[in-house]
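1. give the three-dimensional model of this entry:
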Amino acid sequence: MTHARQQRIQVVAHRGASQDAPEHTLAAYKKAIEDGADALECDVRLTADGHLVCVHDRRVNRTSNGRGAVSALELADLAALDFGSWKDLKELKGGRDLEESPDWAGNAADTSVLTLERLLELVVDAGRRVELAIETKHPTRWAGQVEERLLLLLKRFGLDAPSPDEPSRVRVMSFSARSLLRIQEASPTLPTVYLMQFVSPRHREGRLPQGVRIAGPGIRIVRSHPAYIEKLTRAGHQVHVWTVNEPEDVDLCVRLGVHAIITNRPAAVLKHLGRG
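-> Numbering: from 1, shown residues only. This next block holds a predicted model:
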């Protein structure tokens, strides 16, 4: 099933093209841009010496050859780690026959720790409009400092205060309403997304935290409570759904009129939507 005639849904690369390359690496984001993704999604954490890096987990154990919490390590410590070979090893253990190495294999520059600054450079220099959805991770020992450093960095790139004539290229996402409030107070015109793993009683009728205009439900919510998605859209909110990898889930999102699909497989989703 293809959807060439349907309303255009934004396809967002979750941690980059993370099915094809190690998540949160430059290789994954370059691949997502090559695949035609409309936007890139990343998680950010603050290092011990004040740098924002794109790492999902609190600790680096799963996605690198090192150990320890991101917040307790300095950028130089993270730069010494390998954030790429784990994916190759995982696929080999899973029985996949790798006849040839993928493009990212062996390229240390593309699989080392990725700073948000470097990712912003990639987005700005992409040669076409590519948006960025940045998720702040919580809880953290750096509460408040993450948002402060994030906004300072966006300001350096001219992305902190979108003009009335052009929609913002950046949005900030979080499961923490307090984090989003910090963003809104400091930069009122920057879009914010409230991420949800479940529907709390206070939000059942389509309400979102004050000032938030975009809902970010997980695909399990969409499957189990399609009527809730309709309530959100009737309330005037956009709906950005994560993490949508299967064709039947893409079809469901199309039927419900969601505005963005966040996926590990941007090329496959674009093809399914008739845009590949």
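
2. residue ranges for the helices of the stretch 101-250 of the chain, please.
-> Remark: helices assigned in the stretch 101-250 of the chain by DSSP state H, counting those that start in this stretch are 108-111, 116-124, 145-156, 177-186, 219-224, 226-234, 247-256.

3. is it true that residue 69 touches residue 58?
-> Yes: assessed by CB atoms under 8 Å, residue 69 is found in contact with residue 58 at 5.7 Å. All C-beta spots, glycine's among them, are computed from the backbone N, C-alpha and C.

4. what sits in contact with each of these two?
-> Shared contacts of residue 69 and residue 58, defined by CB atoms under 8 Å, 6 or more residues apart in numbering, are absent.

5. ok and the biggest strand by length in the chain relative to helix 145-156, angle-wise?
-> For the chain, the strand that runs over the most residues, judged by DSSP state E, is strand 39-46. Relative orientation of strand 39-46 versus helix 145-156 (axes from the mean of the first three to the mean of the last three CA atoms, to 10 degrees): 130 degrees.

6. OK, contacts around residue 228?
-> Counting by CB under 8 Å, 6+ apart, residue 228 touches 199, 204, 206, 217, 221.

7. state the distance from residue 269 to residue 67.
-> Using CB to CB, to the nearest Å, one obtains 34 Å as the distance from residue 269 to residue 67.

8. how about the contacts made by the closest residue in space to residue 144 that isn't next to it in sequence?
-> In space, and not counting its chain neighbours, residue 144 is closest to residue 182: 6.4 Å by CB to CB, 6 or more residues apart in numbering. Residue 182 sits next to 144, 147-148 when contact means CB under 8 Å, 6+ apart.

9. and the closest residue to residue 226 other than its chain neighbours, how many neighbours?
-> Nearest in space to residue 226, with sequence neighbours left out and distances taken as CB to CB, 6+ apart, is residue 256 at 5.8 Å. Around residue 256 there are 17 other residues, counting by other CB atoms under 10 Å.

10. before we move on, back to that, quick one: residues in contact with the longest strand of the chain.
-> 10-16, 24, 29, 32-33, 52-56, 58, 70-71, 116, 119, 123, 130-137, 140, 142, 145-146, 149-150, 173, 242, 260, 262.

11. sheet partners, orientation included, of that strand?
-> With DSSP bridges as the test, strand 39-46 is paired with strand 10-14 (parallel), strand 52-53 (antiparallel), strand 131-136 (parallel).
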